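Participant: Whatever this is, show me its structure:
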Amino acid sequence: MDYLPEKNISLIKINIEYYFLFIITALLLATGIVMVSSASMPFGESYYNDSFYFIKKEIIWSVISIIVLFIFSKIDYHKIAKISNFIMLISIFLLIIVLIPGIGKEVGGARRWINFPFIGIQPSEFAKIAVIIYLSNYFDKKNKDIDKIKTVILPPLVFILLITILIFIEPDFSVGVTIWIIVFILMFVGGVRFKHLLSIIFGWVVLSVSFLFLENYRAERIMSFLNKTNEITGSNFQISQSLIALGSGSIFGVGFGNSLQKYSYLPEANTDFIFSIIGEEFGLIGTLFVIILFILFAYIGIRIALKAQDYVGKLITIGITSLVTIQAIINILVTIGAVPVTGMALPFISMGGSSLVSTMIGVGIVLNISKYKVYSTEEKEKWVSE
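Facilitator: Numbering: from 1, shown residues only. The predicted model follows:
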């Protein structure tokens with residue numbers, strides 16, 4: 001049994017939440033592999049003359065993500081929190097170099113990927129985890145002075161604002177907004193005064209709306225969504241095809257591999273709109289299965305946060321649980337036409353190596369947090385005597 005006397009924390013027998021979180025994550029990952037194998041076949045055949053091209057890539061990324069999960073579940077999260085500043089600097093560095101032509105890869109007018117030999121990564125995906133660790137550790141250190149907005153609250157937000165500006169430049173508006181939703185959640189849970197939180201949210205909303213309408217395509221997407229008049233092209237076309245896919249699946253679906261919408265009717269069928277393919281092939285039963293898994297993920301994450309025996313562990317767990325849950329909610333709302341198209345991936349399930357690996361890093365850290373417990377003096381004395 002490992003013991004950390006300086007923190008009075010010991011690694012004990014694994015809690016039941018550890019197993020539940022692991023099982024839920026495994027089910028979501030398995031669902032992703034199955035659905036990517038179905039949804040990506042037409043794209044692999046069209047672009048690479050190999051129906052299994054994307055499936056093979058997804059399996060490789062899944063194996064990498066599983067290895068990463070186990071590694072981070074073994075690393076003491078206190079050690080990760082201690083280097084949070086370094087992690088933030090690395091994230092900022094990667095977000096800067098991704099914007100450099102020749103290093104960053106441009107796809108569809110966006111420069112979001114860095115191509116390394118045999119592998120490409122999307123720095124913004126890892127920045128989300130970096131921000132959670134950094135802010136959680138910062139609030140842990142400054143907890144006693146959390147009511148001081150100028151000297152305590154605002155300084156870390158400058159670094160996070162820099163990260164989101166770099167992400168906006170790529171551009172990737174949805175990731176930037178997601179990061180700040182998590183920041184607001186951590187500030188609320190961390191005990192920031194409500195009036196301070198509201199003033200920061202107000203300032204952020206003004207800046208975000210201003211940036212949102214700087215580009216015509218974003219403004220057109222919003223207006224098209226609001227008036228519902230553009231059903232043939234643009235974002236409403238995607239939503240219309242998504243609803244057709246979901247409606248075609250009815251209760252039990254058309255069967256695995258039998259989707260028609262994935263054959264170029266529904267754009268991004270293997271990434272942003274993979275939930276629609278789940279609905280088409282497995283019907284309402286399949287979509288409810290996925291939704292229930294995410295609800296359980298959120299529930300178990302909250303339980304782990306409530307049982308976390310120190311402040312930084314509690315905040316990290318809340319941040320990562322919120323990140324996964326919010327992304328899932330936004331993705332599903334997009335597919336049913338409740339919000340405009342955002343380009344948000346469905347965690348664990350949408351095709352994408354960086355998204356999957358970064359999410360599994362987060363889950364690995366939460367699994368590690370779920371192992372720890374603070375011993376009382378009586379428990380410690382009993383343990384020593386034994």
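
Participant: and residue 115, that one's in a helix?
Facilitator: No. Residue 115: not assigned to a helix; according to DSSP: H, G, I helix; E, B strand; the rest coil it is strand.

Participant: For the nearest residue to it once chain neighbours are set aside, report the pLDDT, please.
Facilitator: Nearest non-adjacent residue to residue 115, counting by CB to CB, 6 or more residues apart in numbering: residue 105, 5.1 Å away. (Each C-beta comes from the backbone N, C-alpha and C, glycine too.) On pLDDT, residue 105 comes in at 81.

Participant: Where does residue 105 sit: helix, strand or coil?
Facilitator: Residue 105 ends up strand, using three-state DSSP.

Participant: Who are the contact partners of it?
Facilitator: 111-115, 120 (CB atoms under 8 Å, 6 or more residues apart in numbering).

Participant: May I have the beta-bridge partners of it?
Facilitator: residue 113 (DSSP bridges).

Participant: Quick check: it vs residue 173, distance?
Facilitator: 19 Å (CB to CB, to the nearest Å).

Participant: Residue 370 now?
Facilitator: On the measure of CB to CB, residue 370 and residue 173 end up 33 Å apart.

Participant: More neighbours: which of the two?
Facilitator: Counted by other CB atoms under 10 Å, residue 370 and residue 173 do not tie: residue 370 has more neighbours, with 27 against 18.

Participant: Where in the protein is the helix or strand with the lowest mean pLDDT?
Facilitator: The least trusted helix or strand in the chain, going by mean pLDDT, DSSP states H and E, turns out to be strand 3-4, with a mean of 44.

Participant: The chain: strands as residue ranges?
Facilitator: Along the chain, counting by DSSP state E, strands occupy 3-4, 9-11, 104-107, 110-116, 119-121, 372-374.

Participant: Next, the buried residues of the third one.
Facilitator: Going by neighbour count (16 or more other CB atoms under 10 Å), the buried part of strand 104-107 is residue 104.

Participant: how far is that strand from where the chain is centred?
Facilitator: Its chain's C-alpha centre lies 21 Å from the corresponding centre of strand 104-107 when counted by CA atoms, centre = their mean, to the nearest Å.

Participant: CA atoms only for it - export them in CSV, please.
Facilitator: Extracted C-alpha coordinates of strand 104-107, given in CSV (Å, rounded to 0.1, in the frame of the first residue of the first chain):
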residue,chain,number,x,y,z
GLY,A,104,0.2,23.4,-39.4
LYS,A,105,-2.0,21.5,-41.9
GLU,A,106,-4.8,23.4,-43.5
VAL,A,107,-8.0,21.5,-44.2
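
Participant: list the contacts for the residue nearest to residue 98 when sequence neighbours are not counted?
Facilitator: Leaving aside its sequence neighbours, residue 98 sits nearest to residue 104 (CB to CB, 6+ apart; 4.0 Å). Neighbouring residues of residue 104 by CB under 8 Å, 6+ apart: 97-98, 111-114.

Participant: roughly how far apart are residue 104 and residue 203?
Facilitator: 29 Å.

Participant: again with residue 77
Facilitator: 32 Å.

Participant: same thing with residue 242?
Facilitator: 34 Å.

Participant: likewise residue 195?
Facilitator: Distance from residue 195 to residue 203, by CB to CB: 13 Å.

Participant: just residue 266 next, same as before
Facilitator: 38 Å.

Participant: out of these two, which sits in the more crowded spot?
Facilitator: The neighbour comparison of residue 266 against residue 203 (other CB under 10 Å) goes to residue 266, with 27 against 11.

Participant: who touches the more buried one in this structure?
Facilitator: 238, 241-242, 244-245, 273, 276-277.

Participant: switch the cut-off to 6 Å
Facilitator: Residue 266 makes contacts with 241, 245, 273, as judged by CB atoms under 6 Å, 6 or more residues apart in numbering.

Participant: burial measure for the closest residue to residue 255 other than its chain neighbours, as a count.
Facilitator: Leaving aside its chain neighbours, residue 255 sits nearest to residue 281 (6.3 Å; criterion: CB to CB, 6+ apart). Neighbour count of residue 281, defined by other CB under 10 Å: 25.
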